[in-house]
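Colleague: Pasting a predicted model and its sequence here:
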Amino acid sequence: MKRNTPTDPAMQSRTTLSTGQPVRPRPAWSSAARAVTAAAALCLAVAPVAAGAAVSTGTTALSCTQVQLWANGVGWADLHYTVSGGGQLNVRMAQSGTSATYTVSGLSSGAVLRYFFTYVPAGSTAAVDTAWASLPVSCVTDACTSCKYHTLVWADEFDGSGQPSANSWSYHVGNGWNSGAGAFTGWGNGEWEWYRPEQCSLQNGALVLRADYASSPTSIAGGNWYQRSCRITTQGKLSWSNARVEARIAMPAKAGAWPAFWLMGTSNNGTYTSNSAAPIGAYDTMATNWASCGEIDVMEHVNSDGVAHQNLFWDTRTGVYPWSGSTVASNQSSYSVGDVTQFHTYAVEWDASTMWWYVDNALVKIQSVSAGNMEEYRQSFFVILNLALAGSFPNTAPVQSDFPLSMYVDYVRVYQ
C-alpha cells in the first residue's frame, strides 16, 4: 500500500467481539483449516489464575509435523506432554522476557498431543498447573482446489490476549518519516495517523487493529496528532517466496478508513520496531528504495464501498534503486466483496512467473511477473497489516464521531 479447560477449536463459536463487532464463527476445519487441523487453530488452554494476572497459554502450528507451545506473561514455564499415549516428557520452556516457548517436532497426521503447563506468573512466586489438553494432529485436503500451494508452513490464529506474538510480529510506528523531504509525510500517501504498537491487541480470537480519534492532540516531533492506529509486520522475522499468503479479515466501512493486507520484498530498507512498548516519540523511516523492493497488495479497502482492491508495484529498472516517480509501475484491479464488515478471506499466490489473487477462494486476478525487470518478485516477502486513515487513496477525511474504528484479523496462514 505504498502508497483451564480448553475447548475443541472446531466447536468454538465466537459471535461477538468486546466492541460489539459481529463475528462469524469459523467454518468447519475440513474446509477452513486447509492443513493442520486443531494445531493450526492455536488451541487455547488458559489455567485459572489470580485476578489481574495476564497469563495465556496455547499452541501454534509451524507445519504438519511441528507444533510450538507457548506461555505468555510468565516468569518461567515447564511443559509436560505425551504423544499418542507414549511416556510423559517434562521440559523447561525457552524463556524470552515474559514469554516461554517449546516446539514439539516429529509429529504425524493422526497423532494426539496431550499436554499441560506449570508456570509462575510474571511478578509472582506461586506455581500454577493448567488442566490437561488434547491436540489431534491432522493434515486435511485443501478446500481451494484451484490453489497452487497446499502445505501449511506457518500460521497465526490470534488466540490468547495481550500483544501479538513477539516471535512473529514487529511494528511500523509513527507517520512515515521521509528523510529526503525532511518532514513527516504520511508514509508517502499523506496519511493522518500516528501508528502505535498498543493499538494492536488480541481479543476474542482475533487480532484487533484499533484506530482512535482524540479531541485533543498529542504533540510529537513538532506535529499535532489526533489519530492513532496500528501497522503490524513480520519484517525482520518471517518472510516467504513461492507461497500462498491468506488472511481472514473484517474491516470498517467508514469515511477515510483505509485497511490493508499487503506484502513487501525483503530488499526494502525501511525500518521497523520490535519493542511493543516503544516511546511515544519513536518513529520508523519509510523505505527509500520503493518500488524497486517490490510490493504486493493482497487487499486494500477505502471508505464505505463494498470493493476490495488488488495491486502490485515494481520498478521498471532492473535492480534496487532509490525511489523515482518516473519508473514506478503498477496494475490495480478491484473485486466486489459486498459487506466488508463481515469476515472474508483474502489471499495471494505467486511463483517466479505468475501471481494469483483470491477472495473467498474465488480467483479474481492473474498477473504475469516473468518480465526481466520484475525481478522484485523472485525474492522473499514479509507481511503487513494496517488500518490507515485518510491519505491519497481514500481521498476523504475521517469523521470523528465514527471512532473508534477496528479491523479484525481472524488468522494469517502461509502455504507452500
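Modeller: Here it is on my side, so go on.

Colleague: gap between Tyr358 and Ser370?
Modeller: Plainly put, Tyr358 is 20 Å away from Ser370 if you go by CB to CB, to the nearest Å. From N, CA and C alone the C-beta is placed, and that goes for glycine too.

Colleague: Tell me which of those two has more neighbours.
Modeller: Tyr358 (22 against 12; other CB atoms under 10 Å).

Colleague: Quick check: mean pLDDT of stretch 287-305?
Modeller: Here stretch 287-305 scores 96 as its mean pLDDT.

Colleague: Only the C-alpha atoms, please, for it, written as CSV.
Modeller: The C-alpha trace of stretch 287-305 is given here as CSV (Å, rounded to 0.1, in the frame of the first residue of the first chain):
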residue,chain,number,x,y,z
ALA,A,287,11.9,2.7,2.5
THR,A,288,13.9,4.9,0.2
ASN,A,289,14.1,2.1,-2.4
TRP,A,290,10.4,1.7,-3.1
ALA,A,291,9.2,0.5,-5.5
SER,A,292,12.3,-1.5,-6.6
CYS,A,293,11.9,-3.5,-3.4
GLY,A,294,8.6,-4.9,-4.7
GLU,A,295,5.1,-4.6,-3.3
ILE,A,296,2.1,-6.9,-3.4
ASP,A,297,-1.3,-5.6,-2.2
VAL,A,298,-3.5,-8.6,-1.3
MET,A,299,-6.4,-6.4,-0.2
GLU,A,300,-7.0,-2.7,0.2
HIS,A,301,-10.3,-1.1,1.0
VAL,A,302,-11.3,2.5,1.3
ASN,A,303,-14.2,4.4,2.7
SER,A,304,-17.6,2.7,2.8
ASP,A,305,-17.8,0.9,-0.5
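
Colleague: distance between that stretch and the chain's centre?
Modeller: 15 Å (CA atoms, centre = their mean, to the nearest Å).

Colleague: before we move on, what about stretch 105-114?
Modeller: That offset, for stretch 105-114, works out to 26 Å (CA atoms, centre = their mean).

Colleague: The stretch of helix or strand Asn386 belongs to packs against which elements?
Modeller: If you go by DSSP states H and E, Asn386 is part of strand 381-389. With contacts taken as 3 or more CB pairs under 8 Å, 6 or more residues apart in numbering; DSSP states H and E, strand 381-389 sits against strand 206-220, strand 223-229, strand 231-233, strand 243-250, strand 257-265, strand 405-415.

Colleague: Output that strand as CSV, restricted to C-alpha atoms.
Modeller: C-alpha atoms of strand 381-389 as CSV (Å, rounded to 0.1, in the frame of the first residue of the first chain):
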residue,chain,number,x,y,z
PHE,A,381,8.2,-11.0,1.0
PHE,A,382,7.1,-10.1,4.5
VAL,A,383,3.5,-9.4,5.7
ILE,A,384,2.0,-6.0,6.7
LEU,A,385,-1.5,-5.4,8.2
ASN,A,386,-2.6,-1.9,8.9
LEU,A,387,-5.5,0.4,9.4
ALA,A,388,-4.6,3.8,7.8
LEU,A,389,-6.6,6.9,8.0
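
Colleague: So what angle separates the directions of that strand and strand 405-415?
Modeller: Relative orientation of strand 381-389 and strand 405-415, computed by axes from the mean of the first three to the mean of the last three CA atoms, to 10 degrees: 170 degrees.

Colleague: now strand 381-389: mean pLDDT?
Modeller: Here the average pLDDT along strand 381-389 is 98.

Colleague: now do stretch 167-175
Modeller: Over the span of stretch 167-175, the pLDDT mean works out to 96.

Colleague: again, but for stretch 256-272
Modeller: 97.

Colleague: likewise stretch 203-218?
Modeller: In the prediction, stretch 203-218 has an average pLDDT of 96.

Colleague: Sort out which residues of that stretch are buried, please.
Modeller: Neighbour counts over stretch 203-218 (16 or more other CB atoms under 10 Å) mark 203-213 as buried.

Colleague: could you dump those residues to a markdown table with distance to Val414?
Modeller: A markdown table is the format used below for the buried residues of stretch 203-218 (distance: CB to CB, whole Å):
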| residue | distance to Val414 |
| --- | --- |
| Gln203 | 23 |
| Asn204 | 23 |
| Gly205 | 19 |
| Ala206 | 18 |
| Leu207 | 15 |
| Val208 | 21 |
| Leu209 | 19 |
| Arg210 | 25 |
| Ala211 | 26 |
| Asp212 | 31 |
| Tyr213 | 34 |
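
Colleague: Closest one of the residues you listed to Phe382?
Modeller: Nearest to Phe382 among those, counting by CB to CB, is Leu207 at 16.0 Å.

Colleague: Pretty sure the closest one sits against Phe158.
Modeller: Yes. Leu207 lies in contact with Phe158 (CB atoms under 8 Å); the separation is 4.3 Å.

Colleague: Stretch 73-81: how far from the chain's middle?
Modeller: 25 Å.

Colleague: what do Leu207 and Phe158 both touch?
Modeller: Residues touching both Leu207 and Phe158 (CB atoms under 8 Å, 6 or more residues apart in numbering): 164, 409.

Colleague: Give the residue spans of this structure that score low on pLDDT.
Modeller: Across the chain, residues meeting the criterion (pLDDT under 70) sit at 2-53, 61-64, 138-143, 179-183.

Colleague: tally of neighbours for the residue lying closest to Leu89 once chain neighbours are set aside?
Modeller: The shortest distance from Leu89 to any non-neighbouring residue, by CB to CB, 6 or more residues apart in numbering, is to Tyr81 (5.7 Å). Neighbour count for Tyr81, taken as other CB under 10 Å: 21.

Colleague: One more: Ala54?
Modeller: With other CB under 10 Å as criterion, Ala54 counts 14.

Colleague: now swap in Ser165 and tell me
Modeller: 19.

Colleague: ok, now Gly97?
Modeller: Gly97 has 11 nearby residues by other CB under 10 Å.

Colleague: And it, how far from Ser170?
Modeller: 14 Å.

Colleague: can you check Leu238 too?
Modeller: For Leu238 relative to Ser170 (CB to CB), the value is 10 Å.

Colleague: And for Val91?
Modeller: Val91 is 28 Å from Ser170, by CB to CB.

Colleague: still on that earlier bit, output the helices and strands packed on strand 381-389 in a markdown table; the columns should cover distance to Ala126.
Modeller: A markdown table is the format used below for these (distance: least, CB to CB, whole Å):
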| stretch | distance to Ala126 |
| --- | --- |
| strand 206-220 | 31 |
| strand 223-229 | 37 |
| strand 231-233 | 33 |
| strand 243-250 | 38 |
| strand 257-265 | 42 |
| strand 405-415 | 34 |
